[in-house]
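Student: Sequence below, structure please.
(chains A and B)
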Protein chains: 2
Amino acid sequence: MIVNPEREAANQQVIKIFKQAQPVVVDIKPAREVIPGLTEDMILHAGPPINWERMCGPMKGAVLGALVYEGRAANLEAAAALADRGEVRLEPNHDHSAVGPMAGVTSPSMPVWVIEDRANNTTAYCNLNEGPGRTLRYGANGPEVIAGLHWMKEVLAPRLREAILRRGGLPIFPLIREALTMGDECHSRNKAALSLLLQALLPNILSTNLSSLEIKEIYTFMIGRDYFFLNLTMAACKAAWLAAESIPHTSIITALARNGVEFGIRLQGQWFAAQSPVVNGHYFPEFTAADANLDIGDSAITEASGLGGFASGGAPAVTGFIGGTPEELMAANYEMYDITVTESNHFALPILGNRGTPTGIDVLKVLETGIAPFVTTGIAHRLPGIGQVGAGRVRAPMACFQKAVELL
Amino acid sequence: MIVNPEREAANQQVIKIFKQAQPVVVDIKPAREVIPGLTEDMILHAGPPINWERMCGPMKGAVLGALVYEGRAANLEAAAALADRGEVRLEPNHDHSAVGPMAGVTSPSMPVWVIEDRANNTTAYCNLNEGPGRTLRYGANGPEVIAGLHWMKEVLAPRLREAILRRGGLPIFPLIREALTMGDECHSRNKAALSLLLQALLPNILSTNLSSLEIKEIYTFMIGRDYFFLNLTMAACKAAWLAAESIPHTSIITALARNGVEFGIRLQGQWFAAQSPVVNGHYFPEFTAADANLDIGDSAITEASGLGGFASGGAPAVTGFIGGTPEELMAANYEMYDITVTESNHFALPILGNRGTPTGIDVLKVLETGIAPFVTTGIAHRLPGIGQVGAGRVRAPMACFQKAVELL
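Tutor: Next comes the predicted model:
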């Protein structure tokens, strides 16, 4: 690699931004009140830009469900007509300081986590996680899914919000660091992180005027839904990288993000996309690879931040969910040091003697080594209306990096 | 090793007992109401039998504190006079279906966990853990320690008891199994196990008539005191092995237990003891090896059950507390397969592809291989009244096994 002083300086600046970040969850608010540029006719989605016609099944399913949830359509058919007439503005979360797992659909009245990073003066957003299985983010959109979203808006969000306001904000990266010592890689395994979140917030929840039964209702919803924490991780990572998106000349990407058709990387705030890959999947008993959509979701920002596949050597139990073996994960985790520019100050693995996780994916290093970023991920059914069918491991397509390098 | 059919059959019976065990915490009761043979003039202690004169500093400190707590003496001086006059009956927990960490002092009015194993028709007991630092079990006995014990009896125990009774019992081994996937080895690291316990009980606690503030008071006591779970693990292990203590001819030990002067093993319900070893310690900043007592406590029953040192390869983060490296722990963990007769059905390590942990320490295998059981443990100050000074790793003394083999 030829040393380019301008690029070197830019990369150092980008890494400084990420390393000094201290994202804190400070509030839960309706998306329309906080997400910059989110208009009433708009629905945000995961991954790079894509229009309605080209969207994959689960993303279409989620958009239709969101239109019903928002009251813009009385039913899914009416919602489809609305979309077909071009009356729904569709834009990526990432272009609005936001992120969303899987289909990543974010609509104006959804409550979103508000994550502030005062070190970099940034704020990022992510909706609340519904849990596993038949959920909007996996493309399901039946009445029970819509009812679940209403319950989250009307019951869960206000109660949780009280606890967060009472606490005065909760830093997210220290919770993730602790979770990494407890077998999570914080993309496809979030069990410890959720436990730590609930432990941190519970004294605050118990200090509100909520009754024990009101607390029990939201507590029993959250336990057992380990992915509830993932959305916080994602928004915290987005907040930490946001200021880096406007640094020119850098060769470090700030996100990996998929819309289910294309896999995109973000370099200098721009999208570079190629066809989304097939996930090497581990399927729920009733499903097979034939049911799987291509790779989808903004959640791979975790990998760009030294988590997920980039921390999977410390999470052998995740193999029960995503397949593979502990040895495979450790080998892939080690490979990631070859395509990154630094080791994390935020995140470290005890199994590696507390070595920081590989951080700052360099487009040039990816191309030079031929090693593609390793991602752990959930898998959506390829048809709208169904939901999650499994989880697995996938590599980012090299073609994204081949396109991005032209910018440098 | 010469095959001995009588011993083989006995060993199979012992392993069957342990493997079929399903210990369940069913209640919290005053020790005097439930521990068999515990009389009002008696105080139970950790490890093999020892008289007052020979006891180590922290155990003496704990006995004196317990006499004040019980109201048998107005102050520590009066308590010492009582003990010096021989008016305190001192017997091992293990001879009363009980266990206790460190000094292991159990007195009649202390609340104890009641753990039933219906598969083997056994019940075992352990007191409630006070947390780290200046605590009775580490030999501290000042007014704040005694006040803490009273608070546990009068506030914590009755509130927790309500939740447990409402739940109708909580199986302990499945919680331990899950904690092993989350970086605990369940002797010197119990962080995940405590989280899982609180998650399991909280919906029940929230269903009682306790106010939010009453719940908050006990919840905030328990979080951050990760060892709170250890006493449940210990009593569950004791319940699981109890029926095996009366099987003749077996060469499998059912416990490792130390009184701070001697290190004992239990074979066929009998004690075989040798001098307690010095722990290879990792000390808190204000202490050094010169402050350390010899190895102490009943907690090493965890190692006899396939936990602690026998599961430490899956707990790299415990090195931050006990010292050593992840590689050392993994190597020692592997060695333990050479001195045990089976692999656990209860406990498994994801890092080993969910291989069961080494279980059933065979006296003959220990002697044949020269490999001593590997134990992770806390370290008490050698003087009474001070408390914990660090934690570390230790090997059981071979002399215990050399004595025990004479029984076979």
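Student: which residues touch residue A:104?
Tutor: A:44-47, A:62, A:93, A:137, A:297-298 (CB atoms under 8 Å, 6 or more residues apart in numbering or on different chains). For every residue, glycine as well, the C-beta is placed using N, CA and C.
Student: Pretty sure it sits in a helix.
Tutor: No. Assessed with DSSP: H, G, I helix; E, B strand; the rest coil, residue A:104 is coil; it does not lie in a helix.
Student: per-residue pLDDT, the residue lying closest to it once chain neighbours are set aside?
Tutor: Spatial nearest neighbour of residue A:104, excluding adjacent residues (CB to CB, 6 or more residues apart in numbering or on different chains): residue A:46 at 2.8 Å. Reading off the confidence values, residue A:46 has pLDDT 98.
Student: What's the separation between residue A:46 and chain B?
Tutor: 29 Å (CB to the nearest CB, to the nearest Å).
Student: since we're on the residue in the stretch 1-150 of chain A that chain B sits nearest to, how many residues are nearby?
Tutor: Using CB to the nearest CB, the closest approach of the stretch 1-150 of chain A to chain B is made by residue A:131 at 15.4 Å. For residue A:131, the count of nearby residues is 18 (other CB atoms under 10 Å in any protein chain shown).
Student: That one contacts residue A:225, doesn't it?
Tutor: Yes. Between residue A:131 and residue A:225 there is a contact at 3.6 Å, judged by CB atoms under 8 Å.
Student: Pull out the buried positions in the strand ranked longest in chain A.
Tutor: If you go by DSSP state E, chain A has its longest strand at strand A:340-349. If you call a residue buried by 16 or more other CB atoms under 10 Å in any protein chain shown, then strand A:340-349 has these buried ones: A:340-349.
Student: before we move on, what about stretch A:114-125?
Tutor: Quick answer for stretch A:114-125 (16+ other CB under 10 Å): A:114-117, A:119-120, A:122-125.
Student: contacting residues for residue A:291?
Tutor: Contacts of residue A:291 by CB under 8 Å, 6+ apart are A:283, A:381-383, A:386, A:389.
Student: of all those residues, which comes closest to chain B?
Tutor: residue A:283 (19.4 Å).
Student: Now name the helix or strand holding the closest residue to the closest one other than its chain neighbours.
Tutor: What sits nearest to residue A:283 in space, not counting adjacent residues and going by CB to CB, 6+ apart, is residue A:390, at 3.7 Å. Residue A:390 belongs to strand A:388-395 when assigned by DSSP states H and E.
Student: What number of residues are in the vicinity of residue A:108?
Tutor: 19.
Student: tell me the secondary structure for it?
Tutor: Residue A:108 is classified as coil under three-state DSSP.
Student: Spatially nearest residue to it, not counting backbone neighbours?
Tutor: residue A:32 (3.7 Å).
Student: domain parsing for chain A?
Tutor: Domain assignment for chain A by automatic domain parsing gives A:20-233, A:249-407.
Student: where's stretch A:328-339 relative to the chain centroid, distance-wise?
Tutor: 21 Å (CA atoms, centre = their mean, to the nearest Å).
Student: er, stretch A:392-406 actually
Tutor: That offset, for stretch A:392-406, works out to 18 Å (CA atoms, centre = their mean).
Student: Kindly report the same for stretch A:122-139.
Tutor: Distance, centroid of stretch A:122-139 to centroid of chain: 8 Å (CA atoms, centre = their mean).
Student: now for the helix or strand following the longest strand of chain A, which elements pack on it?
Tutor: Following strand A:340-349 in sequence order, the next helix or strand is strand A:355-361 (DSSP H and E). Counting contacts by 3 or more CB pairs under 8 Å, 6 or more residues apart in numbering or on different chains; DSSP states H and E, strand A:355-361 is packed against helix A:5-20, strand A:340-349.
Student: Adding distance to chain B, write the ones you listed out as TSV.
Tutor: Listed next are these as TSV, based on distance: least, CB to the nearest CB, whole Å:
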stretch	distance to chain B
helix A:5-20	22
strand A:340-349	8
